[in-house]
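> Requesting a structural model of the entry that follows:
(one chain, ligands or ions: 1)
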Amino acid sequence: MQTVSDKLRLLKEKNAHVNLGGGVQRLEAQHKAGKMTAHERLHLLYDNGFYDELFRFVQHHSTSFGMAGRDLPADGVVTGLGAIRGRLVYTSSQDFTVMGGSVGLKHAWKICEMMSMALKAGAPYVAINDSGGARIQEGVDSLQGYGRIFYFNTLLSGVVPQISVIAGPCAGGAAYSPALMDFIVMVKGTGQMFIAGPEVIKEATGETITAEELGGAYAQAAQSGNVHFIARDDADAIEIVQNLLSYLPNNNTEDPPFHGTGDLTMIEDEGLNKIVPDDPRDPYNMMDILLSVFDPGTIFEVHSHYAKNMIVCFARMNGRVVGVVANQPAEKFGAIDIDASDKASRFIRFCNAFNIPLISFVDVPGFLPGVEQEFGGIIRHGAKMLFSFSAATVPKISVVIRKAYGGAYLAMCAKALGADRVAAWPTAEIAVMGAEGAVNVLYRNEIKTASDPRGRRRELIDEYTLQFSNPYQAAAQGMVDAVIEPMKTRSYISVALESLRTKRDHRPQKKHGLIPL
Ligand code: HXC
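Numbers count the residues shown, from 1 in each chain. Below you'll find the model as predicted:
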């Protein structure tokens, strides 16, 4: 008969066995590769290293291709829950030391259970990926498992925040789970994702490229825009996740965490009055304005390597979280192109889903002209911005800094798209198009037949600029609430946000809108 102490000893042995994952050698190999183990990553992620591991004794039941009786501790994925800065978060962390972290039916089942629990608890879900993909021996069972993961990613979408960390391989169809989540953090050097690797590409198209060039962190952040944050190493990735979570509510029925004191004392930065150059063609760095306007040290930029002509970031204003969408005149003169439209639209929709007020800073000469842009579908992509801002019901505040021309001005959340407050700096130029373009269309014949065409053109541009390139026409129509001194921007936004805290914007019931995809 087994005594109680026998049973306790057995539990200890089983726990020790699972803790070893794929064994000492493979754990050492993991470290040698510059990676933490699945448990070490969770230990760092959770407050005081404490997390509650669930399903640690789950085993696969496969009997195909030599799988029968094969011992795979925790079936290659550590799943659990715990507190991150005091708030409940569910996780899964793939264990590469156990059969390359490959995904079998039970491995996938564990991940889905975590997502299901996160959904019921209304708590964020974080997935740490480090896996060779579908467990080849388990065949279609593995595919079924992936299908269920995608299904649950979709169920959670817009209900609880989902963050993916790619800290190892994540190739083929496996990449679609991170792609279905809200944010992707990828570790430089070890994280990799692509649908088809370099060998397959070489065979299919003859192109030669290394795995890092194709699927490494920089490529996926700057080229494809799949990755939102690049981490130096595993520890940095975990810190990024912790910081990101500090801006997000637990779920779509809650507000983001408030980190303020309620003190509304305003600092006015006179430097803002001098930031816009006299020559409207000269660039400046929009980030300087954002850094001056929002609470010090709270700008948290998302997608910073992608479509740099559009800035999207979280920030705090008197401790309240806001989502900022801003043109960057220092890149492509701030024009909106396909990538910038996609980047902004995705961020706007995330903020709206999770009750984060939106603030836009406008300095946009228009949508980027070009055959490549037209054939690439700038009309469809640009429409995503119009759709996302129009559909957003959170407080929406816009500040027009300088250029605000045509459809691009509307796309940055003009009054017509439901902006609750629109302020303009005296340097704002709100018009259908820039003075030079307008004069070319309106006075082509007059300029051609003038005794001094260049001089006449200059005169007409100056006349047009005086009459139209200012905020007062728009203000006279009520499309701008206030023309403010730049140094008053912080207090304007702050008061507007407070007054919009009780905003209600009910729309007719529908299954979902049809955003142009
Ligand atoms: C079963 C796998 C595996 C997999 C790795 N392993 N991937 N076992 N199924 N998919 C095992 C290896 O056999 C090895 O076992 C151990 O994990 C470590 O792998 P190594 O190859 O030694 O590691 P490394 O050199 O670091 O290379 C990592 C790797 C490579 C680049 C990920 O393992 C690899 O190419 N794996 C196969 C990737 C793949 O083709 N996956 C299927 C994609 S299809 P031992 O016992 O020797 O230590 C797919 C479809 C999903 O994912 C569709 C969803 C919709």
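> what does this structure have sitting close to the ligand?
Near the ligand, the residues belonging to the chain are 99-100, 102, 132-136, 143, 146, 169, 172-174 when assessed by CB under 6 Å from any ligand atom. Yep, even glycine has a C-beta here, placed from its N, CA and C like the rest.
> which one of these has the most neighbours?
Each of the residues of the chain next to the ligand was scored by neighbour count (other CB atoms under 10 Å); the top score is that of Arg135, with 28 neighbours.
> Can you give me the buried ones in stretch 17-26?
Under the neighbour-count criterion of 16 or more other CB atoms under 10 Å, stretch 17-26 has Val18, Gly21, Gly22, Arg26 buried.
> that older thread, for the residues of the chain next to the ligand, give me TSV that also has pLDDT, secondary structure and distance to Glu372.
TSV is the format used below for these (pLDDT from 0 to 100; DSSP: H, G, I helix; E, B strand; the rest coil; distance: CB to CB, whole Å):
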residue	pLDDT	secondary structure	distance to Glu372
Met99	96	helix	45
Gly100	96	helix	40
Ser102	96	coil	40
Gly132	94	coil	37
Gly133	94	coil	34
Ala134	94	strand	36
Arg135	95	coil	42
Ile136	92	helix	40
Leu143	95	helix	37
Tyr146	97	helix	35
Pro169	95	strand	33
Gly172	88	helix	29
Gly173	89	helix	30
Ala174	93	helix	31
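> just to revisit the earlier point, can you lay out the buried residues of stretch 17-26 as a markdown table showing distance to Thr190?
What follows is the buried residues of stretch 17-26, written out as a markdown table (distance: CB to CB, whole Å):
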| residue | distance to Thr190 |
| --- | --- |
| Val18 | 24 |
| Gly21 | 17 |
| Gly22 | 17 |
| Arg26 | 15 |
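> Now do Lys511: how many residues are near it, please.
A count of neighbours around Lys511, defined by other CB under 10 Å, yields 5.
> Tell me how far it lies from the ligand.
For Lys511, the distance to the ligand under the criterion CB to the nearest ligand atom, to the nearest Å works out to 26 Å.
> That residue and Met186, how far apart?
Lys511 sits at a distance of 34 Å from Met186 (criterion: CB to CB, to the nearest Å).
> Over to Ser360?
Here Ser360 is placed at a distance of 28 Å from Met186 (CB to CB).
> So these two - more neighbours on which side?
Higher neighbour count among Ser360 and Met186: Met186, with 30 against 25, using other CB under 10 Å.
> can you pull the pLDDT of the more buried one?
In the prediction, the pLDDT value recorded for Met186 is 98.
> And the stretch of helix or strand it belongs to, how far out from the chain middle?
Using DSSP states H and E, Met186 maps to strand 183-187. When distances are taken as CA atoms, centre = their mean, to the nearest Å, strand 183-187 is centred 10 Å away from the chain's centroid.
> contacting residues around it?
Applying CB atoms under 8 Å, 6 or more residues apart in numbering, the external contacts of strand 183-187 come out as 161-167, 178, 193, 216-217, 220-221, 226-234, 236-237, 240-241, 244, 302.
> Any chance you could give me that strand in CSV, C-alpha atoms only?
Extracted as CSV, the C-alpha positions of strand 183-187 are listed here (Å, rounded to 0.1, in the frame of the first residue of the first chain):
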residue,chain,number,x,y,z
PHE,A,183,0.6,43.3,-30.7
ILE,A,184,3.7,41.4,-31.6
VAL,A,185,7.0,41.8,-29.8
MET,A,186,9.9,40.1,-31.5
VAL,A,187,13.4,39.3,-30.1
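> Can you read off the pLDDT for the spatially closest residue to Thr253 that is not a sequence neighbour?
If you skip the residues right next to it in sequence, Thr253 has Gly122 as its closest partner in space, 6.8 Å away by CB to CB, 6 or more residues apart in numbering. Looking at Gly122, its pLDDT reads 98.
> And Gly122, how close does it get to Val159?
Gly122 sits at a distance of 8 Å from Val159 (criterion: CB to CB).
> Between those two, which contacts overlap?
Shared between the contact lists of Gly122 and Val159 (criterion: CB under 8 Å, 6+ apart) are residues Asn251.
> and the residue in the stretch 401-517 of the chain positioned nearest to the ligand, what is it in contact with?
Nearest to the ligand in the stretch 401-517 of the chain, going by CB to the nearest ligand atom, is Leu517, at a distance of 20.4 Å. The contact partners of Leu517, by CB under 8 Å, 6+ apart, come to Arg380, Lys384.
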